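Asks: Fold the stuff below for me.
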Amino acid sequence: MKTVLVTGANKSIGYETVRLLAEKGYRVYLGSRDLNNGKEAAARLNEDGTKQIIPVQLDVTDPASVMQAKAFIAKDAGTLDILINNAGILGEFPQTAVASPVENLRKVFDTNFFGVITVTQTFLELMYDSKQPVIVNVTSGLASLTLHNDPSWVYYSYKIAGYGPSKSALNAYTIALAYELKDKGFKVNVVDPGHTATDFNHHTGTGSVADAAAFVADYAVMEADGPTGMFFSKDIAAADRVSSW
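Replies: Okay, the predicted model is just below:
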(Lines give C-alpha, C1' and ligand atoms only; values in the text may rest on other atoms or scores of the structure.)
Protein backbone atom coordinates (compact mmCIF):
# COMPACT_ATOMS: atom_id res chain seq x y z
CA MET A 1 0.00 0.00 0.00
CA LYS A 2 1.38 3.41 -0.97
CA THR A 3 1.85 5.99 1.76
CA VAL A 4 1.05 9.70 1.84
CA LEU A 5 1.76 12.52 4.26
CA VAL A 6 -0.42 15.64 4.14
CA THR A 7 0.65 18.52 6.37
CA GLY A 8 -1.89 20.89 7.91
CA ALA A 9 -4.62 18.34 7.27
CA ASN A 10 -6.96 18.46 10.25
CA LYS A 11 -9.43 20.67 8.35
CA SER A 12 -10.31 22.33 5.05
CA ILE A 13 -8.51 21.41 1.80
CA GLY A 14 -5.94 19.23 3.56
CA TYR A 15 -8.67 17.28 5.35
CA GLU A 16 -10.61 16.63 2.15
CA THR A 17 -7.39 15.67 0.33
CA VAL A 18 -6.75 13.06 3.02
CA ARG A 19 -10.26 11.72 2.54
CA LEU A 20 -9.90 11.41 -1.23
CA LEU A 21 -6.54 9.67 -1.07
CA ALA A 22 -7.73 7.23 1.59
CA GLU A 23 -10.73 6.41 -0.61
CA LYS A 24 -8.28 5.63 -3.41
CA GLY A 25 -6.61 3.05 -1.17
CA TYR A 26 -3.60 4.98 0.12
CA ARG A 27 -2.35 4.82 3.70
CA VAL A 28 -2.51 8.48 4.69
CA TYR A 29 -0.72 10.25 7.52
CA LEU A 30 -2.77 13.24 8.61
CA GLY A 31 -0.32 15.89 9.81
CA SER A 32 -1.64 18.32 12.40
CA ARG A 33 0.15 20.87 14.57
CA ASP A 34 -2.22 19.98 17.42
CA LEU A 35 -2.33 16.20 17.84
CA ASN A 36 -5.76 16.23 19.49
CA ASN A 37 -7.21 18.06 16.49
CA GLY A 38 -5.50 15.53 14.24
CA LYS A 39 -6.90 12.59 16.19
CA GLU A 40 -10.42 14.01 16.03
CA ALA A 41 -10.11 14.59 12.27
CA ALA A 42 -8.73 11.10 11.66
CA ALA A 43 -11.47 9.54 13.79
CA ARG A 44 -14.16 11.24 11.71
CA LEU A 45 -12.54 10.12 8.47
CA ASN A 46 -12.02 6.58 9.73
CA GLU A 47 -15.67 6.09 10.65
CA ASP A 48 -16.00 3.71 7.71
CA GLY A 49 -13.68 1.34 9.60
CA THR A 50 -10.77 1.42 7.16
CA LYS A 51 -8.25 2.74 9.73
CA GLN A 52 -6.10 3.88 6.80
CA ILE A 53 -5.77 7.43 8.13
CA ILE A 54 -3.22 7.90 10.89
CA PRO A 55 -2.87 11.19 12.79
CA VAL A 56 0.65 12.54 13.23
CA GLN A 57 1.71 15.52 15.32
CA LEU A 58 3.62 17.77 12.96
CA ASP A 59 4.42 21.45 13.39
CA VAL A 60 6.28 22.48 10.24
CA THR A 61 7.99 25.35 12.08
CA ASP A 62 9.45 23.00 14.72
CA PRO A 63 12.30 20.80 13.40
CA ALA A 64 12.06 18.49 16.41
CA SER A 65 8.38 17.89 15.67
CA VAL A 66 9.16 17.16 12.03
CA MET A 67 11.89 14.70 13.00
CA GLN A 68 9.53 12.91 15.39
CA ALA A 69 6.93 12.63 12.65
CA LYS A 70 9.54 11.17 10.31
CA ALA A 71 10.62 8.63 12.95
CA PHE A 72 6.99 7.61 13.50
CA ILE A 73 6.30 7.10 9.78
CA ALA A 74 9.63 5.34 9.26
CA LYS A 75 8.74 2.84 11.99
CA ASP A 76 5.13 2.44 10.84
CA ALA A 77 5.64 2.21 7.08
CA GLY A 78 9.35 2.33 6.32
CA THR A 79 8.90 4.57 3.31
CA LEU A 80 6.91 7.55 2.03
CA ASP A 81 5.59 7.72 -1.53
CA ILE A 82 3.79 11.06 -1.61
CA LEU A 83 4.39 14.28 0.32
CA ILE A 84 1.79 17.05 0.14
CA ASN A 85 3.06 20.26 1.73
CA ASN A 86 -0.32 21.79 2.45
CA ALA A 87 0.21 23.57 5.80
CA GLY A 88 0.09 27.34 5.47
CA ILE A 89 -0.96 30.53 7.22
CA LEU A 90 -2.30 33.81 5.92
CA GLY A 91 -0.68 35.94 8.62
CA GLU A 92 -1.83 38.95 10.59
CA PHE A 93 -3.67 41.81 8.94
CA PRO A 94 -3.34 44.52 7.79
CA GLN A 95 -0.41 43.13 5.84
CA THR A 96 1.06 46.07 3.97
CA ALA A 97 4.48 46.45 2.40
CA VAL A 98 5.11 49.78 4.09
CA ALA A 99 3.97 49.07 7.63
CA SER A 100 3.76 45.36 8.46
CA PRO A 101 6.15 44.46 11.31
CA VAL A 102 8.96 42.28 10.01
CA GLU A 103 8.31 39.69 12.72
CA ASN A 104 4.75 39.21 11.41
CA LEU A 105 5.98 38.64 7.87
CA ARG A 106 8.70 36.32 9.13
CA LYS A 107 6.06 34.11 10.78
CA VAL A 108 4.32 33.70 7.44
CA PHE A 109 7.56 32.73 5.72
CA ASP A 110 8.47 30.36 8.57
CA THR A 111 5.36 28.29 7.85
CA ASN A 112 4.74 28.75 4.13
CA PHE A 113 8.34 28.65 2.91
CA PHE A 114 10.91 27.51 5.46
CA GLY A 115 8.46 24.99 6.92
CA VAL A 116 8.10 23.34 3.53
CA ILE A 117 11.87 23.12 3.17
CA THR A 118 12.24 21.60 6.65
CA VAL A 119 9.58 18.96 6.00
CA THR A 120 10.82 18.16 2.51
CA GLN A 121 14.48 17.81 3.43
CA THR A 122 13.60 15.70 6.47
CA PHE A 123 11.36 13.25 4.61
CA LEU A 124 13.47 12.87 1.48
CA GLU A 125 15.32 9.96 3.11
CA LEU A 126 12.06 7.99 3.30
CA MET A 127 11.05 9.01 -0.22
CA TYR A 128 14.26 7.83 -1.85
CA ASP A 129 13.03 4.27 -1.20
CA SER A 130 9.77 4.88 -3.08
CA LYS A 131 9.39 3.54 -6.61
CA GLN A 132 7.36 6.58 -7.66
CA PRO A 133 7.97 9.53 -5.30
CA VAL A 134 5.80 12.63 -5.65
CA ILE A 135 5.98 15.99 -3.91
CA VAL A 136 3.12 18.49 -4.18
CA ASN A 137 3.67 21.98 -2.79
CA VAL A 138 0.36 23.79 -2.36
CA THR A 139 0.69 27.35 -3.63
CA SER A 140 -1.62 30.24 -4.53
CA GLY A 141 -2.44 32.37 -7.54
CA LEU A 142 -1.38 35.30 -5.35
CA ALA A 143 2.20 34.07 -5.78
CA SER A 144 2.25 35.07 -9.44
CA LEU A 145 4.44 38.10 -10.13
CA THR A 146 3.17 38.26 -13.69
CA LEU A 147 -0.48 38.46 -12.68
CA HIS A 148 0.23 40.98 -9.93
CA ASN A 149 1.54 43.30 -12.64
CA ASP A 150 -1.56 42.89 -14.80
CA PRO A 151 -4.23 45.51 -13.91
CA SER A 152 -6.86 43.41 -15.70
CA TRP A 153 -6.36 40.45 -13.35
CA VAL A 154 -9.39 39.88 -11.16
CA TYR A 155 -7.24 39.78 -7.99
CA TYR A 156 -4.91 42.63 -9.02
CA SER A 157 -5.74 44.66 -5.88
CA TYR A 158 -4.98 41.75 -3.54
CA LYS A 159 -1.48 42.89 -2.66
CA ILE A 160 -0.51 41.04 0.55
CA ALA A 161 3.05 41.70 1.68
CA GLY A 162 3.75 38.39 3.41
CA TYR A 163 1.46 35.65 2.13
CA GLY A 164 1.86 36.20 -1.62
CA PRO A 165 5.66 36.60 -1.52
CA SER A 166 5.99 33.51 0.71
CA LYS A 167 4.25 31.48 -1.98
CA SER A 168 6.34 33.12 -4.71
CA ALA A 169 9.42 31.92 -2.85
CA LEU A 170 7.85 28.47 -2.57
CA ASN A 171 7.34 28.37 -6.33
CA ALA A 172 10.99 29.25 -6.90
CA TYR A 173 12.15 26.61 -4.41
CA THR A 174 9.99 24.01 -6.15
CA ILE A 175 11.69 24.66 -9.48
CA ALA A 176 15.11 24.16 -7.89
CA LEU A 177 13.95 21.05 -6.01
CA ALA A 178 12.41 19.47 -9.11
CA TYR A 179 15.61 20.05 -11.06
CA GLU A 180 17.80 18.48 -8.38
CA LEU A 181 15.54 15.43 -8.03
CA LYS A 182 14.64 14.85 -11.69
CA ASP A 183 17.19 12.06 -12.16
CA LYS A 184 15.90 10.23 -9.08
CA GLY A 185 12.43 9.67 -10.49
CA PHE A 186 10.68 12.37 -8.43
CA LYS A 187 7.70 14.36 -9.66
CA VAL A 188 7.74 17.75 -7.90
CA ASN A 189 5.14 20.41 -8.69
CA VAL A 190 3.35 23.39 -7.22
CA VAL A 191 -0.44 23.24 -7.24
CA ASP A 192 -2.82 26.14 -6.71
CA PRO A 193 -6.26 24.82 -5.68
CA GLY A 194 -7.85 28.16 -6.54
CA HIS A 195 -9.75 30.77 -4.57
CA THR A 196 -11.56 28.37 -2.25
CA ALA A 197 -14.11 29.17 0.45
CA THR A 198 -12.38 28.18 3.72
CA ASP A 199 -11.76 29.47 7.25
CA PHE A 200 -8.49 30.75 5.80
CA ASN A 201 -10.30 33.55 3.94
CA HIS A 202 -13.47 33.73 6.04
CA HIS A 203 -15.26 31.72 3.34
CA THR A 204 -15.00 34.51 0.76
CA GLY A 205 -13.57 32.19 -1.87
CA THR A 206 -15.58 31.16 -4.90
CA GLY A 207 -14.62 27.48 -5.09
CA SER A 208 -15.57 24.51 -2.94
CA VAL A 209 -13.22 22.62 -0.64
CA ALA A 210 -14.18 19.35 -2.32
CA ASP A 211 -13.21 20.61 -5.78
CA ALA A 212 -9.98 22.16 -4.49
CA ALA A 213 -8.96 18.94 -2.77
CA ALA A 214 -9.73 16.90 -5.88
CA PHE A 215 -7.45 19.20 -7.89
CA VAL A 216 -4.59 18.75 -5.41
CA ALA A 217 -5.11 14.99 -5.17
CA ASP A 218 -4.98 14.56 -8.94
CA TYR A 219 -1.40 15.85 -9.03
CA ALA A 220 -0.43 13.69 -6.06
CA VAL A 221 -1.38 10.45 -7.84
CA MET A 222 -0.08 11.21 -11.33
CA GLU A 223 1.47 8.52 -13.48
CA ALA A 224 5.23 7.88 -13.58
CA ASP A 225 5.51 9.79 -16.87
CA GLY A 226 3.80 12.86 -15.41
CA PRO A 227 5.29 16.37 -15.46
CA THR A 228 7.73 17.79 -12.93
CA GLY A 229 8.85 21.30 -12.06
CA MET A 230 5.52 22.75 -13.19
CA PHE A 231 2.83 25.11 -11.89
CA PHE A 232 -0.80 24.02 -12.00
CA SER A 233 -3.69 26.28 -11.06
CA LYS A 234 -7.40 25.65 -10.87
CA ASP A 235 -8.07 29.35 -11.54
CA ILE A 236 -5.66 29.85 -14.45
CA ALA A 237 -6.20 28.37 -17.90
CA ALA A 238 -3.68 25.70 -18.88
CA ALA A 239 -2.40 27.79 -21.78
CA ASP A 240 -1.52 30.65 -19.42
CA ARG A 241 0.11 28.72 -16.56
CA VAL A 242 3.70 28.81 -17.79
CA SER A 243 3.52 32.58 -18.22
CA SER A 244 1.82 33.08 -14.85
CA TRP A 245 4.47 31.76 -12.45
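
Asks: In terms of secondary structure, what does the longest helix along the chain contact?
Replies: Secondary structure of the chain per DSSP state H: the longest helix is helix 163-181. Packing partners of helix 163-181 (3 or more Cβ pairs under 8 Å, 6 or more residues apart in numbering; DSSP states H and E): helix 102-109, helix 115-127, strand 134-138, strand 187-192. Quick note: C-beta positions are derived from backbone N, CA and C, even for glycine.

Asks: Quick check: buried residues in it?
Replies: 163-171, 173-175, 177-178, 181 (16 or more other Cβ atoms under 10 Å).

Asks: what's the angle between that helix and helix 115-127?
Replies: If you take axes from the mean of the first three to the mean of the last three Cα atoms, to 10 degrees, helix 163-181 sits at 30 degrees to helix 115-127.

Asks: Distance from the chain centre to helix 163-181, please.
Replies: Distance, stretch centre to chain centre, for helix 163-181: 12 Å (Cα atoms, centre = their mean, to the nearest Å).

Asks: What's the mean pLDDT across the strand or helix carrying residue 70?
Replies: Applying DSSP states H and E as the criterion places residue 70 in helix 63-76. Helix 63-76 shows a mean pLDDT of 98.

Asks: so what's the spatially most central residue of the chain closest to, chain neighbours aside?
Replies: Closest to where the C-alpha atoms of the chain average out (Cα atoms, centre = their mean) is residue 86, at 2.3 Å. Leaving aside its sequence neighbours, residue 86 sits nearest to residue 14 (Cβ to Cβ, 6 or more residues apart in numbering; 4.2 Å).

Asks: again with residue 145
Replies: residue 168 is the one closest to residue 145 (Cβ to Cβ, 6+ apart), at 6.3 Å.

Asks: hmm, back to that, what about the residue nearest to the centre of the chain, distance to residue 177?
Replies: Remark: distance between residue 86 and residue 177 (Cβ to Cβ, to the nearest Å) = 16 Å.

Asks: now do residue 83
Replies: Counting by Cβ to Cβ, the gap from residue 83 to residue 177 is 11 Å.

Asks: which residues do the two both contact?
Replies: Here residue 83 and residue 177 have 120, 135 as joint contacts, going by Cβ atoms under 8 Å, 6 or more residues apart in numbering.

Asks: Any stretches of the chain with poor pLDDT?
Replies: Residue ranges of the chain with pLDDT under 70: 197-206, 237-245.

Asks: The same query, at a cut-off of 50, please.
Replies: Low-confidence segments of the chain (pLDDT under 50): 239.

Asks: Now do the helix holding residue 70: distance to the chain's middle.
Replies: So, by Cα atoms, centre = their mean, the centroid of helix 63-76 is 18 Å from its chain's centroid.

Asks: Ok, stretch 211-221 next?
Replies: Distance of stretch 211-221 from its chain centroid, counting by Cα atoms, centre = their mean, is 11 Å.

Asks: Pull out the buried residues from that stretch.
Replies: 212-217, 219-221.

Asks: Columns distance to residue 49 and secondary structure on top of those, output as a markdown table?
Replies: A markdown table is the format used below for the buried residues of stretch 211-221 (distance: Cβ to Cβ, whole Å; DSSP: H, G, I helix; E, B strand; the rest coil):
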| residue | distance to residue 49 | secondary structure |
| --- | --- | --- |
| 212 | 27 | helix |
| 213 | 22 | helix |
| 214 | 23 | helix |
| 215 | 28 | helix |
| 216 | 25 | helix |
| 217 | 22 | helix |
| 219 | 29 | helix |
| 220 | 24 | helix |
| 221 | 23 | coil |
